[in-house]
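Colleague: Mind folding the following:
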Amino acid sequence: MKKSAITLAVAVTVGLGTIFVGTPAKIEAESISKLKGEQNKIQEKRSDVKSDINSANDKISELQGQQAEVKSDMERIDFAIGDTTTKMNEKTAKIEETKAEIAKLQEETKIIKERIEKRNELLKDRARSYQETGGVVNYLDVLMGSTSFSDFIDRANAVATIMKADQDILKQHESDKKELESKQNQVEKDLSDLKNMLADLEKMNQQLSAQKAEKDKLLTDLKGQEQEAHDYAMDLQEQEQILAAQEAAIQKSIKSEQERQAKEAAAQQAKNNASSGGGSSSSTQSNSGGFIRPAAGIVTSGYGSRDGAFHYGVDIAKAGNVPIWAAAAGQVYVSHYSESYGNVVYILHNVNGQTYTTVYAHMNRRDVNVGDTVTQGQQIGIMGNTGDSHGQHLHFELYIGKWAYHSAINPIPTVPI
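Modeller: Here you go, the predicted structure:
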């Protein structure tokens, strides 16, 4: 194919124009105008995509801010859980101490009870003595039986001591009983208070743990939303890159066509000046034989719904070192690595007067670069398993006209797959 024919074919394919064979200058000027119009449309689309990318990045920043707040809340909750757990441990230890105190008190109670029991026996002896003497001790007889004044004084002191001892016994008896009851009541109250505090702390800890679980779930949801936003932004960035490549291809085609027209005009002027015959005519070539199969192998997944989603192409799989071929002659305007498509190549074609775009994804290797002109059947790469892929295969897409997001058609009626 001549250079002038190639440049015109490229201009037409990227611009969605019509192939003109032997076109006059007026029609050629119109084709450039159409290309510029298509370039303006792509620029508008790029502007929209860039705006969407900015919105997606703003959403990512917003989600990251929300995650930071949730993480801060979780840190506070973790601190509160740690503090509550410490207090629970302290109360549990205090409960054990109180139980030990109760056990000690029980031993003291046993001793006090023994003292009380001994006093009870002493008081019973006093009571029996009172009963035998008519209910009163005849302290007057004791005093009157004194043999001297000194003996009287001694007996009076003894009587007083005995009477005071009886009163002391009664007072001590009453004091021991009150002390025992007071200690038992206080310890039991302390134990009850500690158990109530421990129950409150356990309930608080459960509530904090529930709050943390909710925050964990919220953080997981926010991370999932952020990942979706990242994926969306990456899709948009890939769209923007493809649109940029289309715009660059159109600009290149416009320049090439203008140069071709200038050369043709100069040649025509020279011809007119020389007034010589043997004129030449220009023509463009296009694919007239249709498409060929892009790779050997079996079709493992067709175009259409698949696993709750939509599959915008056809998968062809085969083991080994499998070459990938250009389905028709055209120009490469995307050749890069994509997170989703792995090693991928986009080619613009003109087949029987119609513009098409073909996409070859998940290749192990790419053998062509942006701007390369390829012939039908030329090897453009090797089948692989790169990007978001599960097993070696070629993911092949076909578009009428230029590439546009999620606008691929079923290639099987057009391409012999």
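Colleague: In contact with the residue nearest the centre of the chain, which residues?
Modeller: The residue lying closest to the centre of the chain (CA atoms, centre = their mean) is K223, at 2.3 Å. Going by CB atoms under 8 Å, 6 or more residues apart in numbering, K223 touches Q67. For every residue, glycine as well, the C-beta is placed using N, CA and C.
Colleague: Tell me which stretches of the stretch 151-300 of the chain form strands.
Modeller: For the stretch 151-300 of the chain, the strands defined by DSSP state E, counting those that start in this stretch cover 298-301.
Colleague: shaky segments in it?
Modeller: Within the stretch 151-300 of the chain, the stretches with pLDDT under 70 are 151-152, 154-166, 275-289.
Colleague: One more pass at 90, please.
Modeller: 151-195, 197-198, 200-205, 207-208, 211-212, 214-219, 221-223, 226-289 (pLDDT under 90).
Colleague: just the stretch 1-150 of the chain next, same as before
Modeller: Scanning the stretch 1-150 of the chain residue by residue, the ranges that satisfy pLDDT under 90 are 1-53, 55-57, 59-60, 63-64, 66-67, 69-85, 87-88, 90-150.
Colleague: tell me the strands in it, going along the chain?
Modeller: Using DSSP E, counting those that start in this stretch, strands in the stretch 1-150 of the chain do not occur.
Colleague: could you pull out the helices for it?
Modeller: For the stretch 1-150 of the chain, the helices defined by DSSP state H, counting those that start in this stretch occupy 3-15, 25-132, 139-144, 149-274.
Colleague: now the last one against helix 25-132, angle please.
Modeller: Between helix 149-274 and helix 25-132, the angle formed by their directions is 170 degrees, by axes from the mean of the first three to the mean of the last three CA atoms, to 10 degrees.
Colleague: let's have the chain start at 50 instead
Modeller: Will do, 50 is the new start, and the previous item becomes helix 198-323.
Colleague: Now E289: closest residue in space, sequence neighbours ignored.
Modeller: Sequence neighbours aside, V98 is the residue nearest to E289 in space, at 4.7 Å (criterion: CB to CB, 6 or more residues apart in numbering).
Colleague: surely the one you found meets L285?
Modeller: Yes: taking CB atoms under 8 Å as the definition, V98 is a contact partner of L285 at 5.5 Å.
Colleague: For the residue nearest to E289, which residues are in contact?
Modeller: 285, 288-289, 292.
Colleague: Let's see that with 10 Å instead.
Modeller: 284-293, 454 (CB atoms under 10 Å, 6 or more residues apart in numbering).
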